[in-house]
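Asks: below are the sequence and a predicted model; questions follow.
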Amino acid sequence: MKKPRELKDYFLLFIKGTAMGAANKVPGVSGGVVAFVTGFYEEFIFTLQRLNKRSFLLLKNLRFKLFLQYINFSFLGVLLLGTTFSYFSVSKLLDYLIRNYEILVWSLFFGLIIGSVFYVAKDFEVRKKANLFLIAIGLIFGIGISFLTPAQENDHLLFVFFCGIISVSGMTLPGLSGSFLLILLGNYVLLLVDSVNALYDTATEVVSGNFQFVRNQERVRLLQVLASFTAGSVVGLVSLSHLLGFLLKRYKDKIFALITGFIAGSLGMVWPWKSAIYKVNENGTLVYDDNHQPILENYERFLPSLWDLHTLFAFFCIILGVLIVLSLGWYGKQDKK
């Protein structure tokens, strides 16, 4: 029987949710990897599975206490609180660090993912032919995604709904970055920058008693886009969790093998030494978002100078990332004793 959580456990869960939310926002990094390495991935998936017909009936019949117990709300609520908090705090810090210490930050992520590959691979028999085949499939798929050409921005609400379904893959499938997939779909800035800023501005105005935003057609449109994206994310999160929960109960080793391939394939997305390719208009000038930042389209990767001091610092960050994951794995084992 699983022991009940203590206050310190909820605090650690909040920190894990914060890390997961920050990872989801960074193109190339998967929040699902954070869930996997910090030891709550399976509970996360199986908890989301409980958002089903039975939970709906409990809510419909106003049996709120049973509803909250059934959906494991103490776990899910704290986790989502941490994830939401990160979007307005830690992810902002990450944005700053990436802008000013880009190679070092990506090197740390690179090391975290290398460590994650070893962490996941220890839980199943890697040398089985079927598992090796699934690792190869995941690896090819992950690498292939990192070299795709992004599409143009599309704010049609049905397409935005589809983007919401796709984006949550970063939370449910370790190794697949939801934010990077949004870049490929052309809607990263629209959905994770413009619409979020519109919500923040609107909330600030409403709190101060200003409801003039209803006359701002662009603002209303962005709020509609955000609502459609959120609805798609919820549908994707619940549906994917049901599918993954079903597969984990029956084919756990094979799913772990595929996830290992996905995570290894994502190394191409977080390769530290790369030059950003920004969006340009017909005149060849840069296109900027509402925060006056150039809009990222993709990356051009290159090999570093091995004996450069900055490269040596980057290698240190890679090693540090690997050690962080191994330490988290060790801590998880000690915590279960």
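Replies: Sure thing, it's come through.
Asks: would you agree L181 is in contact with I145?
Replies: Yes - L181 is in contact with I145 according to Cβ atoms under 8 Å; the separation is 7.4 Å. Bear in mind the C-beta positions are built from the backbone N, C-alpha and C, glycine included.
Asks: for I71, which non-adjacent residue is spatially closest?
Replies: Closest residue to I71 apart from its sequence neighbours, by Cβ to Cβ, 6 or more residues apart in numbering: R50 at 4.8 Å.
Asks: tell me the pLDDT at Y188?
Replies: We have a pLDDT of 80 for Y188.
Asks: kindly apply the preceding question to I295 instead.
Replies: pLDDT, I295: 69.
Asks: swap in K3?
Replies: 60.
Asks: swap in the one 4 residues further on?
Replies: In this prediction, L7 carries a pLDDT score of 77.
Asks: now do F256 against F141, distance only.
Replies: Distance of F256 to F141, computed by Cβ to Cβ, to the nearest Å: 16 Å.
Asks: looking at the two, which one has more neighbours?
Replies: Ranked by neighbour count (other Cβ atoms under 10 Å), F256 and F141 place F256 first, with 23 against 15.
Asks: burial measure for the residue lying closest to that one once chain neighbours are set aside, as a count.
Replies: Spatial nearest neighbour of F256, excluding adjacent residues (Cβ to Cβ, 6+ apart): F124 at 4.6 Å. For F124, the neighbour count with other Cβ under 10 Å is 18.
Asks: pull the distance from stretch 155-163 to the chain's centre.
Replies: Distance of stretch 155-163 from its chain centroid, counting by Cα atoms, centre = their mean, to the nearest Å, is 19 Å.
Asks: which residues in the stretch 151-300 of the chain form strands?
Replies: 274-278, 296-301 (DSSP state E, counting those that start in this stretch).
Asks: which other helices and strands does the lengthiest helix in the chain contact?
Replies: Counting by DSSP state H, the longest helix found in the chain is helix 217-250. Contacts defined by 3 or more Cβ pairs under 8 Å, 6 or more residues apart in numbering; DSSP states H and E place helix 217-250 against helix 41-48, helix 157-167, helix 169-172, helix 195-207, helix 252-265.
Asks: redo those helices as CSV? Include mean pLDDT and distance to T311.
Replies: Shown next, in CSV, are the helices and strands packed on helix 217-250 (pLDDT from 0 to 100; distance: least, Cβ to Cβ, whole Å):
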stretch, mean pLDDT, distance to T311
helix 41-48, 86, 33
helix 157-167, 91, 33
helix 169-172, 75, 29
helix 195-207, 84, 35
helix 252-265, 84, 22
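Asks: tell me which helix or strand the residue nearest to R5 when sequence neighbours are not counted sits in.
Replies: Nearest residue to R5 in three dimensions, chain neighbours excluded: S74, at 6.9 Å (Cβ to Cβ, 6+ apart). For S74, the element it lies in under DSSP states H and E is helix 73-87.
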